[in-house]
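A.B. asks: below are the sequence and a predicted model for it; my questions follow.
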Amino acid sequence: MGILTLSEKIYWGVFYMHRKTAVITGGGSGFGREVALQLAKKGTNLSIVDISEENGEEAVRLCKESGSDAIFIQADVSKVEDVKRYVAQTVEYFGKIDLFFNNAGISGSGVRTVECSIEEFNAIVDVNLKGVFYGLKFVISEMLKTRGGVIVNTASLGGLVGIPTLGVYSATKHAVIGLTKAIAGEYGRENIRINAIAPGTNETPMVKAYPEEAIKKMAEAVPMGRLGQPHEVANVVCFLLSEESSYIHGAVISIDGGASAL
């Protein structure tokens, strides 16, 4: 094909994503919705998985406005039967799963680690670790049937460093990175490519609800002097899901304005 011009690269990049099928957990808001909207513009079929029916249905509406076919599946990723169901319903509707943004997660109440209640500990582990594992288990099983796929797991800055008052969250995100690297070693030769992202603090709806002074302090702690924007994370995720990143496998990409460099 020779050296491609910029317009040709854009064309083939969009063509590659056209009519691929992507599953996005936590797809109703935040990073999940931003990724869904970007993929919708490329013609990707989308299975939006979220625990919130309102958020999920709104994401589907926006994706369809961009010309994509999209469905919403309400599911709690911490429940194995719900995960089996979102995988089965996606395959039943679209016939396959090519791309998986394994993104759903929760943080915590912000107490010192040993003060975390057993109930909160279990909830965070159930969503952030078990939910990610369940998704990998059942999505990869489908990808093997179609001889490949691409996965991006959402880890965190907290998966690279310890974050005081978010100890359990941080532990689960370290675990997500461990799963990513292990699966990279296990399935690369079967054409399943997997990476993780490690976002820092972004101006998501959850963060915007914090007191203004708290947001200002978080921004001041970042070397770039500001918080990230969800679309900046989505840009990286869509790159990792695309053919443009075809030789990136088992990597953890920091998207944190330099916070993990300190």
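C.D. replies: Ah, there it is. The shown structure was predicted, so the numbers you read here are calculated from the model rather than taken from an experiment. Numbers count the residues shown, from 1 in each chain.
A.B. asks: need the longest helix for this structure.
C.D. replies: helix 167-187 (DSSP state H).
A.B. asks: any idea of the mean pLDDT in that one?
C.D. replies: Averaging pLDDT along helix 167-187 gives 98.
A.B. asks: and what of stretch 207-224?
C.D. replies: Average pLDDT, stretch 207-224: 89.
A.B. asks: next one: stretch 31-45
C.D. replies: Stretch 31-45 shows a mean pLDDT of 97.
A.B. asks: quick one: buried residues of that stretch?
C.D. replies: 31-40, 42-45 (16 or more other Cβ atoms under 10 Å). Glycine gets a C-beta too; all of them are placed from N, C-alpha and C.
A.B. asks: could you check how far it is from the centre of its chain?
C.D. replies: 12 Å (Cα atoms, centre = their mean, to the nearest Å).
A.B. asks: mind checking the longest strand of the chain?
C.D. replies: strand 192-199 (DSSP state E).
A.B. asks: rewinding a little: ok, which pair from the buried residues of stretch 31-45 is furthest apart?
C.D. replies: Farthest pair in the buried residues of stretch 31-45 (Cβ to Cβ) is Phe31 and Gly43. Separation: 20.6 Å.
A.B. asks: just to revisit the earlier point, now for the longest strand of the chain, which elements pack on it?
C.D. replies: Other helices and strands packing on strand 192-199, by 3 or more Cβ pairs under 8 Å, 6 or more residues apart in numbering; DSSP states H and E, are helix 131-145, strand 149-154, helix 167-187, helix 230-241, strand 252-255.
A.B. asks: partners of that strand, with directions?
C.D. replies: Its sheet considered, strand 192-199 pairs with strand 149-154 (parallel), strand 252-255 (parallel) by DSSP bridges.
A.B. asks: which of these is buried the deepest?
C.D. replies: strand 149-154 (a mean of 26; mean count of other Cβ atoms under 10 Å).
A.B. asks: any idea how far Ser78 is from Lys145?
C.D. replies: Separation of Lys145 from Ser78 (Cβ to Cβ, to the nearest Å): 25 Å.
A.B. asks: thanks a lot, catch you later.
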